[in-house]
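1. Using only what follows, build the 3D model:
(chains A and B)
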Amino acid sequence: QKEVEQNSGPLSVPEGAIASLNCTYSDRGSQSFFWYRQYSGKSPELIMFIYSNGDKEDGRFTAQLNKASQYVSLLIRDSQPSDSATYLCAAPMDSNYQLIWGAGTKLIIKP
Amino acid sequence: DVKVTQSSRYLVKRTGEKVFLECVQDMDHENMFWYRQDPGLGLRLIYFSYDVKMKEKGDIPEGYSVSREKKERFSLILESASTNQTSMYLCASSLATHQETQYFGPGTRLLVL
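-> Numbering: from 1, shown residues only, chains lettered A, B, ... in the order given. Down below sits the predicted model:
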């Protein structure tokens, strides 16, 4: 069965530094991944979708997919206190429209 | 912008009550999902629907049922609420293509006493 794994954290990063969040997956056939951000008490919101090997950049966020090593990362440059949240990684299932979710990594940006 | 709304942000019910949670999306999405989220357990899929009147069980369907009579509306029903159903309930919707983004509603925090 496909699995997506994340370190639950918390990951503490000083303001202005680069935050690096990682996600590993069990199925070599996985082709794409989502990164969602979830603030405490709120619902998840999409940050990035990546479907090819290499990097995808959007503002301060960069998603990296390494299919050979079966991991996907999210880098946040110039971290801000407003980036403090739980970050969820998800991969589409092959057979239907469901997503397989990681448990999320809690990120704390310290001023 | 996609908009997914849920009928209540907070709900308090008594054990044994029948509870209805409603979700409405305005983007003509085919797929709709109900999740619950508990600390340390992440998002767990209860049910999803890929078309009107169509539904499939997720990972934890026990104690729940769903209804989708119209494309835009997906209801979650707790037939007889129990304290272990105290949780955050999240509805999501997506288009009917593989790898489509799921868009979430604001969530309903349910407390069963």
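2. Near chain A, which residues of chain B? Just list them.
-> By the rule CB under 8 Å from any CB of the partner chain, the part of chain B lying against chain A is B:31, B:33, B:40-43, B:45, B:48, B:50, B:56, B:58, B:90, B:94, B:96, B:98-107. All C-beta spots, glycine's among them, are computed from the backbone N, C-alpha and C.
3. Where helices are concerned, which of those residues count?
-> Applying DSSP state H to these, no entry is found in helices.
4. Show me just the buried residues among the residues you listed.
-> Buried subset of the residues of chain B next to chain A (neighbour count, 16 or more other CB atoms under 10 Å in any protein chain shown): B:31, B:33, B:42-43, B:45, B:48, B:50, B:58, B:90, B:94, B:99-100, B:102-105, B:107.
5. okay, and for the chain, where does confidence drop off?
-> Chain wasn't specified; assuming chain A. For chain A, the stretches flagged by pLDDT under 70 are A:95.
6. The intended chain is chain B.
-> In chain B, residues with pLDDT under 70: B:2, B:98.
7. can you map out the strands along it?
-> For chain B, the strands defined by DSSP state E occupy B:4-6, B:10-13, B:19-25, B:31-38, B:42-51, B:54-57, B:64-70, B:73-78, B:87-94, B:103-104, B:108-112.
8. Bridged to the most centrally placed residue in chain B, which residues?
-> Nearest to the geometric centre of chain B sits residue B:34, at 2.8 Å (CA atoms, centre = their mean). Note on residue B:34: beta-bridge partners residue B:47, residue B:91, judged by DSSP bridges.
9. Residue A:2 is nearest to which of the strands of chain B?
-> strand B:42-51 (13.2 Å; CB to CB).
10. So which elements touch that closest one?
-> With contacts taken as 3 or more CB pairs under 8 Å, 6 or more residues apart in numbering or on different chains; DSSP states H and E, strand B:42-51 sits against strand B:31-38, strand B:54-57, strand B:64-70, strand B:73-78.
11. Let's see that with 7 Å instead.
-> Helices and strands touching strand B:42-51, as assessed by 3 or more CB pairs under 7 Å, 6 or more residues apart in numbering or on different chains; DSSP states H and E, comprise strand B:31-38, strand B:54-57, strand B:64-70.
12. hmm, who's touching that strand?
-> A:97-98, A:101, A:103-104, B:30-37, B:55-61, B:64, B:66, B:68, B:74, B:76, B:96 (CB atoms under 7 Å, 6 or more residues apart in numbering or on different chains).
13. how deep is residue 84 tucked in, by neighbour count?
-> Went with chain A since none was named. Applying other CB atoms under 10 Å in any protein chain shown, we find 21 other residues in the vicinity of residue A:84.
14. my question was about chain B
-> Neighbours around residue B:84, by other CB under 10 Å: 9.
15. Ok, residue A:93 next?
-> What residue A:93 shows, counting by other CB under 10 Å, is a neighbour count of 15.
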